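In: no FASTA, just this:
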């Protein structure tokens, strides 16, 4: 029964292929026809006649092998419509119920650590130990200039062993953010598997038909259909492999930040006084960091600050001396004016004495 059903489906596909080929040929012929050529209607009639001939011939061959062939075609035609699609949907639902769910898990974690190098090595070594691999690794910062470093990792770890990696993060680092997302792809996976199974059945039937085909146009039509079927099988299998990889290996997006002091993560159990104490401690620590940064800047800038201070001091003394000299000259001029005024007064007094 399965063999006859496959043959029936393939005969229908062959008819459609020949119909499309005939229409295409008729259209090409119509586009290149001149006043003395064959018309489009004649080409279309020839294609239809060829299709009927091939279909009739192959139907006779299949009927000779199985006398119930024509009856099965009639039963399939009467069953077309909602019945077939409903049965397929029902079968898919039953398969989903009886097989494991295909779940894709994606984790996103942000952690802080005081020992960046050792923690980074622990994470990568643990990934290899669990049978996973590092898909991406980006690191920024430099330990030489005392700047805090940052690293972004994309880790692919077997789904059943992901909890071991999360336990490592929880014990060896301070987790400031975490999230987990899951995607159920069971329906898509089962649908693709059904397509692949149907296409492989069709491929086997096409190969058997090619062994019996004795006309060139039949062989070409079957070969074209086989090429299309193989392409669809490879496409579906590629998507299935991609789903298998995502299901088998969960993805962990890990952000690692190097810090001198870890952040206090608030919880529902944190009291009011604990929050005040934590905030005060954080502010004192921030002030200490600022003073430390200021001291580092001053000391590291001495090669620039010392010559600059010398130049500023020299300018200051030069301007001060110049201003002092100016004030001295002004004072001397004032004193001369006073002396001259006193001399004039003395001469006036002498003159008055002489007159008297």
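Out: Yep, that arrived. The model shown is predicted, which means the values in this text are computed figures rather than measured ones.

In: And residue 233, which helix or strand is it part of?
Out: For residue 233, the element it lies in under DSSP states H and E is helix 216-248.

In: Which residues belonging to that helix are considered buried?
Out: Neighbour-count burial for helix 216-248, counted by 16 or more other Cβ atoms under 10 Å, picks out 218, 221-222, 225-226, 229, 232-233, 236, 239-240, 243, 246-247. Every C-beta, even on glycine, is put in place using the N, C-alpha and C of the backbone.

In: hey, where'd the helices end up in the stretch 101-250 of the chain?
Out: 116-129, 162-172, 186-212, 216-248 (DSSP state H, counting those that start in this stretch).

In: Can you spell out which helices and strands pack onto the shortest one?
Out: With contacts taken as 3 or more Cβ pairs under 8 Å, 6 or more residues apart in numbering; DSSP states H and E, helix 162-172 sits against strand 103-113, helix 116-129, strand 249-258.

In: can you rerun that using 7 Å?
Out: strand 103-113, helix 116-129 (3 or more Cβ pairs under 7 Å, 6 or more residues apart in numbering; DSSP states H and E).

In: In its sheet, which strands sit next to the shortest one, and in what direction?
Out: So that's strand 103-113. Looking at strand 103-113 with DSSP bridges, its partner strands are strand 174-184 (antiparallel), strand 249-258 (parallel).

In: need those strands in TSV with distance to residue 159 and mean neighbour count, can you?
Out: Output for the strands paired with strand 103-113, formatted as TSV (distance: least, Cβ to Cβ, whole Å; neighbours: other Cβ atoms under 10 Å):
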stretch	distance to residue 159	mean neighbour count
strand 174-184	10	12
strand 249-258	5	20
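
In: can you count the residues close to residue 154?
Out: A total of 14 residues lie near residue 154 under the criterion other Cβ atoms under 10 Å.

In: how far away is it from residue 120?
Out: 14 Å (Cβ to Cβ, to the nearest Å).

In: ok, back up a step: now do the helix holding residue 233: which elements does it pack against?
Out: On a contact count with 3+ Cβ pairs under 7 Å, 6+ apart, helix 216-248 meets helix 2-31, strand 103-113, helix 186-212.

In: Pull out the buried positions in the second one.
Out: Judged by neighbour count using 16+ other Cβ under 10 Å, the buried positions of strand 103-113 are 104, 105, 107, 109, 110, 111, 112, 113.

In: And the closest residue to the second one other than its chain neighbours, how close does it get to residue 135?
Out: Right, the one you point to is residue 105. Closest residue in space to residue 105, ignoring its immediate chain neighbours: residue 250 at 4.2 Å, by Cβ to Cβ, 6 or more residues apart in numbering. Remark: distance between residue 250 and residue 135 (Cβ to Cβ) = 12 Å.

In: about what we covered before: nearest to residue 320, of the helices of the stretch 101-250 of the chain?
Out: Checking the helices of the stretch 101-250 of the chain against residue 320 by Cβ to Cβ gives helix 116-129 as the closest, at 53.8 Å.

In: Pull the residues that contact the closest one.
Out: Residues outside helix 116-129 that contact it (Cβ atoms under 7 Å, 6 or more residues apart in numbering) are 113, 133-134, 149, 151, 153, 155, 157, 165, 168, 172-173, 254, 256, 258.

In: buried set for it?
Out: By 16+ other Cβ under 10 Å, the buried positions in helix 116-129 come out as 116, 119, 120, 122, 123, 124, 126, 127.

In: wait, doesn't residue 106 sit right on residue 251?
Out: Yes: contact criterion Cβ atoms under 7 Å: residue 106 and residue 251 qualify, at 4.9 Å.
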